[in-house]
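> Kindly generate the corresponding structure for this input.
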Amino acid sequence: MRLLLASKSPARLTTLLNAGITPIVRVAGVDEPRVLRELEEARGATPSPATQVSALATAKRDAITAELARPASLIDEDGADELLVIGCDSMLEIGGRMLGKPRTPEVARARIRQMRSSRATLWTGHALARMAIAASGDSYTTIGAVERSASTRVLFSDMSDEEIDAYVESEEPLRVAGSFTIDGLGGPFITGVEGDHHSVVGISLPLLREMARDLGVFWPDLWDWRRSANAASAPSPSNVK
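Reported below is the predicted structural model:
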């Protein structure tokens, strides 16, 4: 069993590594504005924050599971007979608006000025699929899937205009949801977190464990040391009778 992270986020990768799990990384190419636009059109109204981030996470997960379902798509890494594919996406809710990555300095600067000395809610969608090698032996098939979201309240300090300008100049806030990080240069400007701090980084470990359990996966089996120990104790083909 291997965990596959359908994200290029360094923060999510680092969180998993610190939790003793080295994931396989596959970046999902998803048109996020299109996903949200089609979601709103289908519902005829603005979806809830939880629904929006779950839809984005699901789109990322499903893009990877679709790739893995094609012939000749087996992952030749530590004999990955089974995979847990996790897609995540985060957005910041402030003033009734959902904000993704700002992408430009002007947008980031305006958002951070709005957020200072205030509270906002960081929403993170999680979409997990359990896959196993298909009967054909050259691809994977999905044997279970689940989607959930997590929310965490974030308290921002009273940043000065000069501090905001310096932070934006670093370009860090341009690449992250809500224009801030808690595990990087933005950390000193966050005065408190109400809820799971992992979710603020972009992946909730407690929620991910619950989702894995719902799919019949024993969380410790994902730990690197445990997989290595199990592999070392497995009989070699020459000893199997």
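> quick one, what contacts the closest residue to residue 209 other than its chain neighbours?
Using Cβ to Cβ, 6 or more residues apart in numbering and skipping the chain neighbours, the partner closest in space to residue 209 is residue 219 (4.8 Å). In short, each C-beta sits where N, CA and C put it, glycine included. Applying Cβ atoms under 8 Å, 6 or more residues apart in numbering, one finds that residue 219 lies in contact with 209, 212-213.
> Show me where the protein has its strands.
Remark: strands assigned in the chain by DSSP state E are 2-5, 24-25, 82-94, 97-99, 119-133, 140-156, 190-194.
> Which residues does residue 194 form beta bridges with?
Judged by DSSP bridges, the bridge partners of residue 194 are residue 153.
> low pLDDT regions in the protein?
Within the chain, the set of residues satisfying pLDDT under 70 comprises 77-79, 231-241.
> List the buried residues in the longest helix along it.
For the chain, the longest helix by residue count, based on DSSP state H, is helix 49-68. Taking 16 or more other Cβ atoms under 10 Å as the neighbour-count basis, helix 49-68 is seen to contain the buried residues 49-65, 67-68.
> Repeat that for stretch 131-147.
Residues of stretch 131-147 classed as buried under the neighbour-count rule (16+ other Cβ under 10 Å) are 131, 133-134, 139-140, 142, 145, 147.
> same question, stretch 167-179
167-168, 172-173, 176-179.
> Equivalent analysis for stretch 182-201, please.
182-183, 186, 189-190, 193, 196, 198-201.
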